[in-house]
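>>> Sharing a sequence plus its predicted fold:
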Amino acid sequence: MVQVMSSADASLRRRNTGSLLVLAAVFALAGFQLLRGPDDSLAGQEAFANVAKVPRMRKKRYRVKVVLLKDDPRLGLKGDVVDVRGGFYRNHLYPDGVVERMDSRIIQKIEEEKESKRRAKQELLNDAMQKKMKIEDSGMFVFKKKAREGSNRIYGSLTAIAVAEEVAKATGIAVRPVSVSLPKVDQAGEYTATIEITEDIYANIKVKVVPEGGGGGDSEDS
């Protein structure tokens, strides 16, 4: 009697398990069809795709406020404060010495450098103006040249080297021959010459050539 009941119970359990599996399959199919929509509609496909889709987190890019340590054609002039991408700052600008992170220390350093350069430039300007005044206040520079007999034409010509040496001797200021602009001087008379002291400052001087005396000679015009 016990063995008969055990066999019946086992058969019942198998039937119940089979029924549960069938129901699970039906529900799964129904859910899948619901997500897909009727007749594979676009709405059903989108719903199914949205269930499977995993949202992606967008990486936020950070930016850095920096101070330019030198002129840069992409960003601006030295001392400018600009906003740059963090990666650009970390991988290029900072390693290349173009920028530093903005803070009061670096701003003060740059302002001090600007002021130092301004003072140096002003000192050079003042020095150049003093040289200009000293040269121009020296009056006429006279040169004696041997002249041809019966003519104001001189042998040779007055050179920039001779003018530079004479100005340096009279003023104590070193003058480079290449800084002297002189017209062609091949006869006695007065001339105007200029001496470049800086790119923007010139001294104007008067040059006078007087005959040293008459007489010929074998020299030829230069």
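Everything's here; your move. Every value quoted in this text rests on a predicted model; they were computed, and no experiment measured them.
>>> And stretch 185-202, end to end?
20 Å (C-alpha to C-alpha, to the nearest Å).
>>> Please identify the buried residues of that stretch?
Val185, Asp186, Gln187, Ala188, Tyr191, Ala193, Ile195, Ile197, Tyr202 (16 or more other C-beta atoms under 10 Å). Where C-beta positions appear, they are placed from N, C-alpha and C, glycine not excepted.
>>> And those, which is closest to Gly86?
Of all the buried residues of stretch 185-202, Gly86 sits closest to Ile197, with 49.7 Å by C-beta to C-beta.
>>> Can I get the buried residues of stretch 185-202 in TSV including pLDDT?
Formatted as TSV, the buried residues of stretch 185-202 follow (pLDDT from 0 to 100):
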residue	pLDDT
Val185	90
Asp186	88
Gln187	89
Ala188	90
Tyr191	94
Ala193	95
Ile195	96
Ile197	94
Tyr202	95
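>>> just those residues now: which is nearest Lys78?
Among these, Ile197 lies closest to Lys78 (C-beta to C-beta), at 28.0 Å.
>>> Chain neighbours aside, what residue packs nearest to that closest one?
Ala128 (4.7 Å; C-beta to C-beta, 6 or more residues apart in numbering).
>>> Kindly report the same for Ile173.
Nearest to Ile173 is Lys131, by C-beta to C-beta, 6+ apart, at 5.3 Å.
>>> Flag every buried residue along the strand or helix carrying the one you found.
Under the criterion of DSSP states H and E, Lys131 resides in helix 104-136. Across helix 104-136, burial judged by 16+ other C-beta under 10 Å covers Ile106, Ile110, Ala128, Lys131, Lys132, Ile135.
>>> next helix or strand past that helix?
Assigned by DSSP H and E, the successor of helix 104-136 is strand 141-145.
>>> Counting by contacts, list what the helix or strand following that following strand packs against.
Once strand 141-145 ends, the next helix or strand along the chain (criterion: DSSP H and E) is helix 160-171. For helix 160-171, the packing partners by 3 or more C-beta pairs under 8 Å, 6 or more residues apart in numbering; DSSP states H and E come out as helix 104-136, strand 141-145, strand 180-181, strand 189-196, strand 202-211.
>>> Could you export the ones you listed as CSV, including distance to Gly87?
Formatted as CSV, the helices and strands packed on helix 160-171 follow (distance: least, C-beta to C-beta, whole Å):
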stretch, distance to Gly87
helix 104-136, 21
strand 141-145, 66
strand 180-181, 55
strand 189-196, 50
strand 202-211, 52
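>>> Among these, which comes closest to Val163?
strand 180-181 (5.1 Å).
>>> Quick one: residues in contact with that closest one.
Ala160, Val163, Ala164, Val167, Ala193, Thr194, Ile195, Glu196 (C-beta atoms under 8 Å, 6 or more residues apart in numbering).
>>> tell me the contacts of the third one?
Right, Ala164. By C-beta under 8 Å, 6+ apart, the residues touching Ala164 are Val175, Arg176, Pro177, Ser179, Val180, Ile195.
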